[in-house]
Structure formats: C-alpha cells, structure tokens
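K.L.:
Using only what follows, build the 3D model:
(2 chains)
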Protein chains: 2
Amino acid sequence: MSTATKGVSSDRIVRMVAELAKCVGSEGLVAGQVVDINSEGLSDVGLDHLEYIHIHKTAVLLEASVVLGAISGGANDEEIARLRKFARCIGLLFQVVDDILDVTKSSQELGKTAGKDLVTDKMTYPKLLGIEKSREFAEKLNRDAREQLAGFDPEKAAPLIALANYISYRNN
Amino acid sequence: MSTATKGVSSDRIVRMVAELAKCVGSEGLVAGQVVDINSEGLSDVGLDHLEYIHIHKTAVLLEASVVLGAISGGANDEEIARLRKFARCIGLLFQVVDDILDVTKSSQELGKTAGKDLVTDKMTYPKLLGIEKSREFAEKLNRDAREQLAGFDPEKAAPLIALANYISYRNN
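P.N.:
You can find the predicted model right below:
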C-alpha cells in the first residue's frame, strides 16, 4: 500500500496504513478472534457479546475494504463515517444471514454442511433470537446500511446497494 | 508508526512504512528465514549463500532500525545509503563474531552452550574460512562500517561507532 498507491497524497496513504493496522490488529480482527476463542463452550453469550465478535472478526474486514477505498478516493470525514457504518452493517448482516442459512437450508443448497452450528457450542442469532427475529434483524441491517448511502451520488452508490442486497438475499 | 510518529512529514512516514515492510517481508526477513530453513543439512553452503542468509535474517533488522531513524531524522538519499551500508556491515559483523565466539569461548563465558555450531549441520564463518580469516573478515566489516560514517558530524556518529566496536569486541 505504501509503495504501490499512485495519485493519492502521502497524508491519505498514512491514514490508510493506520486504518488497516487498526482493523487487523489488537483493536480489530485480533480482538474478535481472541474473544471468539475464549467464548467457546460458554452458555451465557448474549447479543452484545455475539455482536462484538462479529463486528471485530467479520465486519472489520468489510470496514477496512470500504474505508480504505473511501480514504484513497478523497472522502471527507463525514463521508468516511457513513461508509464505515455501511460496511459494519453489511458485515454484521453477512453473519446474521450465515446463521439463518445454517438452520434453514440443506447442505446441498449451502455447498457446506448445514446445521453444524446446532451441534456445536457456537452461539448464533437464531439461537438467541429465533428465526423470525433474526430475519427482522437482517432486514433492519440492510435498511441501516442503505440509509448511510443516501447522501451519495446514486449512480456511484448503486454497486454498494447491490452488494448489501446480495448479502441479504443469498442462498449459500 | 503511522499514528504515533510526530513532527515527521507524511512523505517520510510513507517511506518508513515501505522500508519496514520491505525489511520484514518476502524480500527481507522472510527470504532469509526461508533460505536458512531450506539450507539445513546442505553440505555445499558457500560464502555467498551464508552471507545472503545473514544479510536477510539478521542484518536486515539493524538495517530497518538505522534506516527508519535516518528517514525520520530527515536524511537525504546519500546519507540513507551510507547508513544502510553501515547497518548491513554491523549486522553481518554480529553474525561473524557470534560464529567465532561459539568456537573460541566456553559455555560459561558465553552464557549459552558453546560449540553447538560444530555438532550441528549449521554452516558458519569459521567452518568456511577458519578462525583467523574469520577474525580478519570481522575487522574488515568493522572498518567498512565506520568508513560509512566519515561524512557525518563526529559527535553524532560517536554512538554508532561505539555500537560497531561493542559488536566487534563483545565476549558473549
């Protein structure tokens, strides 16, 4: 990133490096992985706890991708904040949908073993909320994500909206 | 580095990040470690091969330390090149001295097991050159290192010369 990025000011490249380091380091991916491992076998994993893991383990990867693009593309602080929230929403959405698919689809449809969250100690949204509330939560996350894009050029926002819908309505 | 560095231009911070990434990545530390592991048990490790390993595995750590300091301190390209060469020389010197101490000192003097290079497959400078030639090579590296500092303010260069001498004349 520090050598191959062209046409972006050094100020922005430094900010990108800092952002990526934060996302993958002890405040981001590492924190999520540690809490996930330490939570194995715990019976009292609540919604906040589950969300912490997914925000740090999964959503942060989408957050880094989106925010790095925003910084390099010249976004201002408010735009970066909106795009960060968009990315967190679709990151969490990805996980909620993953949990729902695990209990509603066959292994053949998924292309991987279905129902494996049920036979393990892994906490999931359907286990905590039930299927219907999990679906409502997924819909809310998709809505929240798209709302963040309201102020942007609709043509430029379209691929991001398509991405949110793809994550929402995928079947495997 | 990208968040805690104060009073240094973004241009220089980007250059520091690139330098560190190169030193520890697949062109640096990783390359040295891979070649070292792949060389285990080989009987035909020559001087160039051995130097490649030490330059990439050991010297590169001193190189990163010195060059990052030089960049952040405002050094120009020629000064950075000289300090880089200084660091490589003392890095390689460290390894040559290490190899010599292993065969000339007792475990008590070293504070670690002496003679362990002899009983393993590890290639060393004394094995390739003999003790006397290894000592001459160490002296040459110390001289080459100090020569790189000739153009700098003697007062500022003094700690670096002391470091080269410390590495040369250490007993453990």
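K.L.:
Remind me which helix or strand the nearest residue to A:Leu47 once chain neighbours are set aside belongs to.
P.N.:
Spatial nearest neighbour of A:Leu47, excluding adjacent residues (CB to CB, 6 or more residues apart in numbering or on different chains): A:Leu128 at 5.8 Å. Bear in mind the C-beta positions are built from the backbone N, C-alpha and C, glycine included. According to DSSP states H and E, A:Leu128 maps onto helix A:125-129.
K.L.:
Tell me the buried residues in that helix?
P.N.:
A:Tyr125, A:Pro126, A:Leu128, A:Leu129 (16 or more other CB atoms under 10 Å in any protein chain shown).
K.L.:
on contacts alone, who are the packing partners of it?
P.N.:
Secondary-structure packing of helix A:125-129 (3 or more CB pairs under 8 Å, 6 or more residues apart in numbering or on different chains; DSSP states H and E): helix A:47-54, helix A:77-104, helix A:131-147.
K.L.:
Packing partners of the second one?
P.N.:
Using 3+ CB pairs under 8 Å, 6+ apart, the elements in contact with helix A:77-104 are helix A:47-54, helix A:60-72, helix A:116-119, helix A:125-129, helix A:131-147, helix A:154-169.
K.L.:
Between its first and last residues, what's the separation in stretch A:20-28?
P.N.:
End-to-end distance of stretch A:20-28 (CA to CA, to the nearest Å): 9 Å.
K.L.:
whoops, I mixed them up, stretch A:68-87
P.N.:
Stretch A:68-87: ends 11 Å apart by CA to CA.
K.L.:
and that stretch, how far out from the chain's middle?
P.N.:
Centre-to-centre, stretch A:68-87 and its host chain are 15 Å apart (CA atoms, centre = their mean, to the nearest Å).
K.L.:
Report the rounded mean pLDDT for that stretch.
P.N.:
Averaged across stretch A:68-87, pLDDT comes to 97.
K.L.:
For it, list every residue counted as buried.
P.N.:
Within stretch A:68-87, the residues that count as buried by 16+ other CB under 10 Å are A:68, A:70-72, A:75, A:79-80, A:82-87.
K.L.:
ok so, going back, quick one, which of the helices and strands packed on helix A:125-129 is packed in tightest?
P.N.:
With neighbours taken as mean count of other CB atoms under 10 Å in any protein chain shown, the helices and strands packed on helix A:125-129 reach their highest mean count in helix A:77-104, at a mean of 20.
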